[in-house]
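Undergrad: Return atomic coordinates for the entry below.
(chains A and B)
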There are 2 protein chains.
Amino acid sequence: MTYHLHYWPTIQGRGEFVRLALEEAGAAYVDVARAREDDGGGEEALMADLAQGDHPSFAPPYLVDGDRVIGQTANILLHLGLRHGLAPKAEAGRLWVNQLQLTITDLVAEAHDVHHPVGVGLYYEDQKDEAARRAKEFRTQRIGKFLGWFETVLERTPKGGWLTGEALTYADLSLFQAVEGLRYAFPHAMKRLEPKLPNVIAVRDAVAERPNIAAYLKSERRIAFSTEGIFRHYPELDPG
Amino acid sequence: MTYHLHYWPTIQGRGEFVRLALEEAGAAYVDVARAREDDGGGEEALMADLAQGDHPSFAPPYLVDGDRVIGQTANILLHLGLRHGLAPKAEAGRLWVNQLQLTITDLVAEAHDVHHPVGVGLYYEDQKDEAARRAKEFRTQRIGKFLGWFETVLERTPKGGWLTGEALTYADLSLFQAVEGLRYAFPHAMKRLEPKLPNVIAVRDAVAERPNIAAYLKSERRIAFSTEGIFRHYPELDPG
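TA: Coordinates of the predicted model:
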């Protein structure tokens, strides 16, 4: 069975957390909006499909799995985690991974707000002054608080190196993506913070070495970071 | 077995979504931080406990259920939904309710950002101009988009009146709380929007009439809305 992932075709964005899980699992999937418009691709088709059916999504990404349509990034991952062994089988472990993922969700929302503090529908150029104020707090306090929390979790986890110990979960993949995004957007801030985050960086490195992930990162399927996505590099928001 | 809910003692905030589920279920719980400091209550104890153990939480609320500690609002509700019949038993239905809840989470995050656009750690008074810009978009576009999406979901749901049809779920309780919060914070905007949201308002009214919820809303356990919580009424952010 082939999954159909529906997400913006030109950015990593929130869809990337789902792509990484599908790639690690070696699952067959079509990244629908990246197809040619003749084949159902493109942003217009994405937005038209979004609102259809009994289970419409509020926003991309959403995943079609047979006759099921599942939206919200953390919810899609909850589903994939169970299907592909990317989460513990026991309910307590699954909820803990979901909690880790929802904390990534919070970090991602704040990373987005840095360049869009005043309005979702406005351009960055219309809110640069406000973004500079928000970026300062994010850089000096919030990144360290979020990643420091993951560092604490890893320090307290039994041996194994992953967030839950011996087995990789989708939360590890998402932590990798968060570190990559923050390194792209805030290279100076991350250079200062990383010495205090050895366990987080070890997870990042171990994910990058997974064969399926390494192959994906080198492929054309991996879209580059850019100032269209969630993690954006504006030099003025990350002074050296 | 008595649950122990840990959340800020003087606001509804994100903890209120959990309180409503516990109240509807008639579950025994202690709202720990609301106890006297001698009895383990207070904000200092809350923050000290937050970071303890193998499953620390990034932020309140968190729920202690026997030897399990569960954080993140939507995750706590996923747990309670299963325990107390506040979500479908079948996996597909449970994921759909989780998706509805995560969309409430997004709405709540944006409602918070209205009065804190520039920084989580700053006071509203330090970001009033930016808040006025952000409030305008939230009032005129985002509230209608979020609640309009729930209206669409309800229009497409088989008979029953609740978000998933015939049975109330924790997502209905959360939609009630979102409407109450938005009515408090943006009364003028909501007055304009509500005529287009008959099904959403019907859910709000039906939740308010549930015997356990009605009793809770009249009790001292229900904290009043205020300008310390997530939904805040500042008249300048909701001109008539």
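Undergrad: tell me the mean pLDDT over stretch A:130-144?
TA: Taken as a whole, stretch A:130-144 has an average pLDDT of 95.
Undergrad: residue nearest the centroid of chain A?
TA: The centre of chain A sits closest to residue A:17, judged by Cα atoms, centre = their mean, with a distance of 3.7 Å.
Undergrad: Quickly find the element holding that one.
TA: Assigned by DSSP states H and E, residue A:17 belongs to helix A:15-25.
Undergrad: Which secondary structure elements does that helix sit against?
TA: Secondary-structure packing of helix A:15-25 (3 or more Cβ pairs under 8 Å, 6 or more residues apart in numbering or on different chains; DSSP states H and E): strand A:3-6, helix A:73-83, helix A:170-185, helix A:211-218. For the C-beta atoms, the positions are set from N, CA and C on the backbone; glycine is no exception.
Undergrad: what's in contact with the shortest one?
TA: Identification of contacts with strand A:3-6 by Cβ atoms under 8 Å, 6 or more residues apart in numbering or on different chains yields A:15, A:18-19, A:22, A:27-33, A:46, A:49-50, A:60-65.
Undergrad: Check stretch A:174-188 too.
TA: Counting by Cβ under 8 Å, 6+ apart, A:12, A:16-17, A:20, A:77, A:100-101, A:104, A:107-108, A:111, A:114, A:138-139, A:143, A:146-147, A:150, A:163, A:189-190, A:200-201, A:203-204, A:207-208, A:213, A:225, A:229-233, A:237-240 sit against stretch A:174-188.
Undergrad: Is there proximity between the worst-scoring helix or strand of chain A on mean pLDDT and chain B?
TA: Across the helices and strands of chain A, mean pLDDT, DSSP states H and E gives its lowest value to helix A:43-50, namely a mean of 87. No: using Cβ under 8 Å from any Cβ of the partner chain, helix A:43-50 stays clear of chain B, with a minimum separation of 10.2 Å.
Undergrad: That helix - contacts with which helices or strands?
TA: Judged by 3+ Cβ pairs under 8 Å, 6+ apart, the packing partners of helix A:43-50 are strand A:3-6.
Undergrad: Any idea how far the least confident helix or strand of chain A is from the middle of the chain?
TA: Centroid displacement of helix A:43-50 relative to its chain, using Cα atoms, centre = their mean, to the nearest Å, is 21 Å.
Undergrad: Which parts of chain A are helices?
TA: Under the criterion DSSP state H, chain A contains helices at A:15-25, A:43-50, A:73-83, A:91-115, A:128-137, A:143-156, A:170-185, A:187-193, A:198-209, A:211-218.
Undergrad: Show me which residues of the shortest one are buried.
TA: In terms of neighbour count (16 or more other Cβ atoms under 10 Å in any protein chain shown), helix A:187-193 has its buried residues at A:189-190, A:193.
Undergrad: And the last one, by the same measure?
TA: Judged by neighbour count (16+ other Cβ under 10 Å), helix A:211-218 contains these buried residues: A:213, A:216-217.
Undergrad: do the third one as well
TA: Buried positions in helix A:73-83, judged by neighbour count with 16+ other Cβ under 10 Å: A:73-81.
Undergrad: Could you report the neighbour count for the nearest residue to residue A:36 once chain neighbours are set aside?
TA: Take residue A:36 and drop its neighbours on the chain: the residue closest to it by Cβ to Cβ, 6 or more residues apart in numbering or on different chains is residue A:42, 7.8 Å away. Close neighbours of residue A:42, defined as other Cβ atoms under 10 Å in any protein chain shown, add up to 17.
Undergrad: Would you confirm that residue A:42 contacts residue A:9?
TA: Yes: counting by Cβ atoms under 8 Å, residue A:9 is a contact partner of residue A:42 at 7.1 Å.
Undergrad: Now the common contact residues for those two.
TA: Each of residue A:33 lies in contact with both residue A:42 and residue A:9 under the rule Cβ under 8 Å, 6+ apart.
Undergrad: wait, what's in contact with the residue located most distally from the centre of chain A?
TA: Centroid-distance maximum for chain A: residue A:38 at 28.8 Å, with Cα atoms, centre = their mean. Listed by Cβ under 8 Å, 6+ apart, the contact set of residue A:38 is empty.
Undergrad: Check the spacing between it and chain B real quick.
TA: Separation of residue A:38 from chain B (Cβ to the nearest Cβ, to the nearest Å): 29 Å.
Undergrad: which residues are contacting stretch A:196-211?
TA: Outside of stretch A:196-211, the residues within contact range by Cβ under 8 Å, 6+ apart are A:24, A:144, A:147-148, A:150-151, A:154-155, A:161-163, A:168, A:172-173, A:175-176, A:179-180, A:194, A:213-214, A:217.
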